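Q: give me a 3D structure for the following:
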Amino acid sequence: MRTSILCAGSALLTTALAAPSFISPRDSCPGDPYPAGAISPNSLVPIAKSNPDHAYGIVTTGVVTPDDFCTIVDLLIPDYIDGESTLLKTCTLSLSLPSSSQASPHTVEFSGPGHFTFTGYLTGFGADESTTYNKQPVLGPSPPFPPSVIVPGSSYVIATLPCGILPGSGGQTVAGALCSKDTSLKWEQTGPGGDGGCPLGFFVVVT
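A: Have a look, this model is predicted:
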């Protein structure tokens, strides 16, 4: 299938080129509260340029280091939500990055100026336990205007695109890699409710 949030003229991830798109803060957490049906990643898979043939497997804590470690984020977008097709719905991908105190009891560690790249893969191609830097999913298009700087204490819209998931497909995996030339990031992915702290990591909201 070729219509999805990675194939609608943009995609899950790309090199940061534009000014940050902020979600308005609420209470002590950055960003609007996510609805209960917001989609969290079904897997995080690190890859490393310094060890390009090593498979790190599926993890719960993503890691990015300058010009080395990246983390591939997989999300499964369903073809129906509450009985309604997602074909003509809008999918908004965001990255919620609270401060360490806001994220507690979950882990977020950050160091650097906050320049990240977002590289998209073709719809239906995600990472698994055998994925390595030299064995990545098939490259696909990426969103043209993600945030130019990402720092803790804010939530950022990465892309807002038609979902384009065909009815009867059973849903499709969309995936992309988060990397950086100058910044280190470690985050423990939570669910949309934050699992005891502020929501942390990547989420897709379907509207």
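
Q: now do the strands in the protein.
A: Secondary structure of the chain by DSSP state E: the strands cover 43-48, 61-64, 69-77, 80-81, 84-85, 90-97, 108-111, 117-120, 154-162, 172-179, 184-188, 201-206.

Q: now do the contacts for the spatially most central residue of the chain.
A: Residue closest to the average C-alpha location in the chain (Cα atoms, centre = their mean): residue 202, at 4.1 Å. Residues in contact with residue 202 (Cβ atoms under 8 Å, 6 or more residues apart in numbering) are 40-41, 73, 75, 93-96, 158, 189. (C-beta placed from N, C-alpha, C; glycine too.)

Q: of those residues, which is the nearest to residue 124?
A: residue 75 (12.1 Å; Cβ to Cβ).

Q: residues near that closest one, how many?
A: Look at residue 75: counted by other Cβ atoms under 10 Å, it has 23 neighbours.

Q: just the pLDDT for residue 18.
A: In this model, residue 18 is scored at 35, pLDDT.

Q: hang on, residue 80 packs against residue 89?
A: No - using Cβ atoms under 8 Å as the test, residue 80 is too far from residue 89 to be in contact (10.0 Å).

Q: coming back round to it: as CSV, the contacts of residue 202 with distance to residue 165 would be great.
A: As requested, the contacts of residue 202 are arranged in CSV below (distance: Cβ to Cβ, whole Å):
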residue, distance to residue 165
40, 17
41, 17
73, 18
75, 11
93, 14
94, 18
95, 21
96, 23
158, 18
189, 22
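
Q: got a quick ChimeraX command for the buried subset of the residues you listed?
A: In ChimeraX syntax, the buried subset of these is picked out as below (16 or more other Cβ atoms under 10 Å):
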select :40,41,73,75,93,94,95,96,158,189
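
Q: hang on, the earlier thing: need the winner for burial among the strands of the chain.
A: Comparing the strands of the chain by mean neighbour count (mean count of other Cβ atoms under 10 Å), strand 172-179 comes out on top with a mean of 27.
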